[in-house]
Structures are given as structure tokens and as C-alpha cells.
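S.K.: Structural data only, the sequence is not supplied:
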């Protein structure tokens, strides 16, 4: 009894599973299969945009899942493959899945392919021709299981709009790809454009490469226009995407660019009465859904779509000087730059309110500005006075050097004059000897004059005077001021200057004062250094935006207790120093927008480094006199 009951329960469970499986199968809606035969590979803007928009519309509106299988059967699809193999490939795609519920062709080549192989391509499946010109349907009547969403392109209207916008146009350059499709369209155009032959010359591009097309478009005669249809491949068989060709044409052409497909708008075309690919894709999706829902193809009769409202690109109208008064009635202009008022209205009111507040603040700041200017003038005056005192103190310390520099040339002048006098008295002076002695006297006089001028410049009271100067010349002149003192104290000067021009904007005398102070401090720091080791090294390094000058000595170094207050007034390590030399040096350097710092060397002694902003060498009128 228990065994019978167990078998009954197993059977009931099996039946329940079968029922649930059947219910689940019924709950799962069947997937609709759509075969899309595409005329062009990726790169054709019209086909790409239409197919993408169609699939989005279909997915959003279909009540059941839709699986789309897309195959390119046009000239760029199976290149070189026999059409029979293409048909076999399409049929093999549906070997492991249900046959398509709908076949959709996109463009003329796909429509021709589908009609030619209708018997092999699921003849019982509804066939929908899309984005095909009405002229194709007039030549090939629709079958029992076929319908279409066609377009009625009026290319002559584009020419009429070109003449309306640019009445002086004499030539139209027709840009299209090469191949059978281009030949077909040229025949259609020549027939439709016959009525314009008394006003226009048409030049065709199907026998040109893309580079030749671009070269031709850049050298079009005056009163020309460009009509872009589509591209695909050029005369050399190279494939190019529409957006690439349009971008190159827009960048190089010397004439306005026109087209009649809405997907070209915004890519450099002026505009006109264009075919809306958005509407075409939506209308095609409507018809496809009706067919998928079981409507007979013959019951669906959709009138061909015509170009829509004229639209124009404001940027291109401005570029080519086309007045908006010439646009067709009802035109819409896009990409117009907003007026200042509409774009900045809120900003204007905000600025007006802020202006009132700022005006009140400015009145208060004016007084502060005057006070600051007075403070800056006082600061500069104090800097000049302090620098003047420091210079006079320095020059007083160099009195022996000044006397020695003047004694030497003056003594030479005296001796030469006595020698000449004696030679004249003895009647032994020849013209050559007289000229040689006078030349020596003139040379020594110039040397004495330069020495006096150099020291007079250091002693003269002055304000900060900025001008382009050669810092290398300042270094040489500063060393010349203290050369005698360095020799007397057995100091060796090592000068290592950069080979690059060292031009800055500043005051030559004040910067010379800084260098003299730093070298004099270095000399004083080596008072207890053995004479053989007394060296002052001056180096420069020129970088892209600044120049660095360093003064290095072999002295005792800087005491650790004053490192943090080295540039503070009245801080000094000298028994008879005032402690203002480094303070003045720092003030002068900072007035020039630079920095000065000091550190002890690992092997002994100290290094002072000055960094100043660099100027362009070309603005220097001439180097300063170097001793």
C-alpha cells in the first residue's frame, strides 16, 4: 500500500513539473527576428544614423523582445564575394534560430539585392524597403508580400536654394564617391539639372581621389558652391567615412558646402530643405511594428517622405556672408550666437548690484592706496639713504685701494711728462718718441678717469633706477673696486661665469654695492685663514627664468647662533661693524624681486647666494664698462 502511494506521489509531482514548465513556456514571449540588409558599411552617416535610430525606436515600442540581425550586402560588405555566397551566409545565420519575421532593406543597393534573391531569402517573410528613392519603386513594382517607406528626394530644389542664397553662383562642384551607385546618381542628376545648364556649370568628382577632391575644392573659382551627396569610396577604391570627408571639405574648401540630408547638418553644410532621417527612422519603425504584429504588407501604403522645413546653420551664413533676408520663407536658423542681453542678463543685474557695493569700497580704498603709496615712497627713500650710508662706509674702508689705483696712473703720467721734457731740452725728441709718450700719458689718464668715475658712481646718492644691465659686467666692475684691497690681504679671486648672457633689469650701482658687500664680508671672514687658502669664488648660473650668483669663501663660517637673524639690522660678527650691510643687501635684492640666502659649506667657509629674475638679452643696449 505504501509503495503504491509513493508511486502516485512521484507521478503527481512529475505532472506538476510538466504543468509548471508549460506555464513558464507560455509566460515567456517569443522573440521576434528581424533581418536588416544594409547597403553600406559603417561610415555612411545616413545609413548609420537611420539604422541606429530605427533599432532604438523598435526596442522601445515593441511589446515583445526583438532580435536584429544586420548584414551589409552593398558594395562595401562582402567585397569580391559572389552574391550566391552572401545569400548562403544569410541563410546559415538562421540555421539555429527561427526564420526572420521581417526583412528590412536600408538603401538602394540592399533593395536591389533583396529583390534579386527574393526566392532564396525567406519568400514567405514580409519585406520592407526603407530609405529607398521613390524612383526605384516606380521601376520595380511591389510584390504581394512587400511594402516600403520611400523618400522623394528633390535634388533640383537644392540647386534652386543655392541660387536663391547666392545668385552669382556660376559653378557647382558635385562631390560623391565612385562606383556604380555614383554613376547612377550622376545620370539622374544630369537629367534633373538640365534646366540649369544655361546658368551653371556642374563639375563631378567620381573620377577623383579624395586628395584631388580636396585640392580642387580649395581652388574653386569665384562664385562656386559644393553639393555633397555621399561618399563611400573614391576613384582609387579607398573607403572614407562621411564625417571625415565633410570635416576635410569644411576645413579646406573656398566655397560654401550644401547637402540635403539632415545628418549632415552641423558638420559644415550651410543648410536648406533637408530630408529628416529622424522622422524617416520613426516612420519605418511604425511600419515594422505593424508587420511584426501581423498586418499584411499590401495593406500598408505609406506616402513617400519629402524634405522638411528649411534649416540653416547661422555660423556658415556668417562665414560666407549670406544675408538671412535671402533665406526661404519659414526657415529656421540654428547655432545662432545668443545676444549679449539674453545671455548675460542675469550677469548684468548681478554686476550692477556689485558695482554699487564696489563703488563704496573703492572710495574707502582710495585713501588706503594713497597712504600705501606714501609709505612706499618713504620706504624707497629710506632704502636709498641706508644704501648711501652703507656705500660711503664701504668706500671709506677702501680709501687705500682708491689712493693706490689713482697713484699708479698719475705717477706714470708724471714720469712720462718729465721724460718728454728732458728729451725736448736735449733736442733728442723724435716725432715717433713724442707720439709714443703722449699715447702712454693718454692711456694712463683714461685709466685714472675710469677709476674716479667708478668710485664717484658708488658715492653718488640715488633712487632705485631700473634698466637692462649685464650682471657679468657688474661683477667685474665690483671686483675692480676692491682689487687692491684683495691683493694687499693676499686674497685670490676665482671667477666662474656662465657662458650664457646674464641680463637682468635692475640698478647697476645698487647691485654692485651688494656684490662689494658680500666680497668684503668674505675677505673679512678669512682674516685668520692661512694666506695660501684665502680664496673668494664668484660663480653665476643662468637658467630659463632667473640667474644665480654665489660668493663663496674659505673662512671660519657663520656662527650657528646668528644663522636665523643673519639679515636682521645691527646683527654682526665684526668688532667694528654696524650690522647693516647684509640688511641693506637683502633690501636691495628684494627690491629687484630676488632672494638672498646664506649657508655654511661642509668643508668650511660660507656661501651667499643671490637669485634674480632674468631678462631677454636683446633688450640690452650695450654692456657696462668693465674695469
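M.R.: Received the coordinates, thanks. Everything numeric in this text was worked out from a predicted model, so none of it was measured.

S.K.: which residues of the stretch 401-550 of the chain fall in helices?
M.R.: Secondary structure of the stretch 401-550 of the chain (DSSP state H, counting those that start in this stretch): helices at 431-459, 471-481, 483-488, 508-525.

S.K.: right, and the ones you listed - which one's nearest residue 245?
M.R.: Nearest of these to residue 245, taken as Cβ to Cβ: helix 471-481 at 58.7 Å. Using the backbone N, CA and C atoms, a C-beta is placed for each residue, glycine as well.

S.K.: Just want the angle from the closest one to helix 508-525.
M.R.: Put simply, helix 471-481 runs at 50 degrees to helix 508-525, going by axes from the mean of the first three to the mean of the last three Cα atoms, to 10 degrees.

S.K.: circling back: of all the helices of the stretch 401-550 of the chain, which lies closest to residue 422?
M.R.: With Cβ to Cβ as the measure, helix 431-459 is the member of those nearest residue 422 (10.9 Å).

S.K.: Quick one: mean pLDDT for the closest one?
M.R.: When pLDDT is averaged along helix 431-459, the result is 68.

S.K.: where in the stretch 201-350 of the chain is pLDDT low?
M.R.: The model of the stretch 201-350 of the chain has pLDDT under 70 over residues 339-345.

S.K.: residue ranges of the strands in it, please?
M.R.: Using DSSP state E, counting those that start in this stretch, the strands of the stretch 201-350 of the chain run over 201-204, 224-228, 232-233, 239-240, 257-258, 271-273, 310-313, 332-334.

S.K.: Distance of residue 172 relative to residue 352?
M.R.: From residue 172 across to residue 352, the span is 52 Å (Cβ to Cβ, to the nearest Å).

S.K.: Counting neighbours, go ahead and name the busier of the two.
M.R.: Using other Cβ atoms under 10 Å as the criterion, residue 172 and residue 352 rank with residue 172 on top: 25 against 9.

S.K.: For that one, give me phi and psi.
M.R.: For residue 172, the backbone dihedrals (degrees, to the nearest 10) come out as phi -120, psi 120.

S.K.: So what pairs up with it in the strands?
M.R.: residue 202, residue 225 (DSSP bridges).

S.K.: My guess is it contacts residue 201. True?
M.R.: Yes. Residue 172 lies in contact with residue 201 (Cβ atoms under 8 Å); the separation is 7.5 Å.

S.K.: before we move on, back to that, tell me which of the strands of the stretch 201-350 of the chain sits nearest to residue 195.
M.R.: Closest to residue 195 of those is strand 201-204 (Cβ to Cβ; 12.1 Å).

S.K.: For the closest one, buried residues please.
M.R.: Across strand 201-204, burial judged by 16 or more other Cβ atoms under 10 Å covers 202, 204.

S.K.: where's it relative to the chain centroid, distance-wise?
M.R.: Its chain's C-alpha centre and that of strand 201-204 lie 39 Å apart, by Cα atoms, centre = their mean, to the nearest Å.

S.K.: What lies in contact with that strand?
M.R.: With Cβ atoms under 8 Å, 6 or more residues apart in numbering as the test, strand 201-204 has contacts from 170-174, 176, 186, 189-190, 193, 196, 216.
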